[in-house]
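Colleague: structural data only, the sequence is not supplied:
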């Protein structure tokens, strides 16, 4: 018997919630990893710069890793953290579907744009940049 406040399985929708394939994004935290991504492919978008690379031999080749960065040109610490939070949420929404396994991505915030751009446009920018990096038609 279920508690009265708990929704019934029919209302919850069996299988609802997580997508069929759940991809966990691992965060890049070390400077050498950022530098490797910076030396690889890059694609500009109106609200960000996306740097991407396929990991080489001798590195863990599974999973998607992502890093976020904003320079002081973006603004004070509040503005930089706000921009990084928006990039983080866009990555959570887009990378599991469009990112490639075994790749590293670094999202770089842009001054005056990343924090103010509408969120749907931010996600579209990331989708377009990833499609161009991976050679897909947009």
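Modeller: Thanks, I have it. Owing to the predicted nature of the structure, the values given are computational and were not obtained by experimental measurement. Numbering: from 1, shown residues only.
Colleague: in the helix or strand hosting residue 129, what's buried?
Modeller: Taking DSSP states H and E as the definition, residue 129 sits inside helix 119-133. Of the residues in helix 119-133, those with enough neighbours to count as buried (16 or more other CB atoms under 10 Å) are 122-130, 132-133. Any C-beta I mention is one placed from the backbone N, CA and C, and that applies to glycine too.
Colleague: for the residue most central in space within the chain, which three-state class applies?
Modeller: If you average the C-alpha coordinates of the chain and look for the closest C-alpha using CA atoms, centre = their mean, you land on residue 91, 1.9 Å from that point. Secondary structure, DSSP: H, G, I helix; E, B strand; the rest coil: residue 91 is helix.
Colleague: re the thing from before, can you give the contact residues for the helix holding residue 129?
Modeller: For helix 119-133, contacts defined as CB atoms under 8 Å, 6 or more residues apart in numbering pick out 41, 43-48, 50, 52, 86-87, 89-91, 93-95, 98-99, 105, 107, 114, 117, 137-138.
Colleague: give me the pLDDT value at residue 17.
Modeller: At residue 17, the predicted lDDT confidence score is 51.
Colleague: do residue 118 as well
Modeller: Per-residue pLDDT puts residue 118 at 94.
Colleague: for it, give me phi and psi.
Modeller: Phi and psi for residue 118, reported as degrees, to the nearest 10, are phi -60, psi 140.
Colleague: and for residue 112?
Modeller: Comment: the main-chain dihedrals of residue 112 come out as phi 70, psi 0, following degrees, to the nearest 10.
Colleague: list the contacts of it.
Modeller: Residues counted as contacts of residue 112 (CB under 8 Å, 6+ apart) are residue 74.
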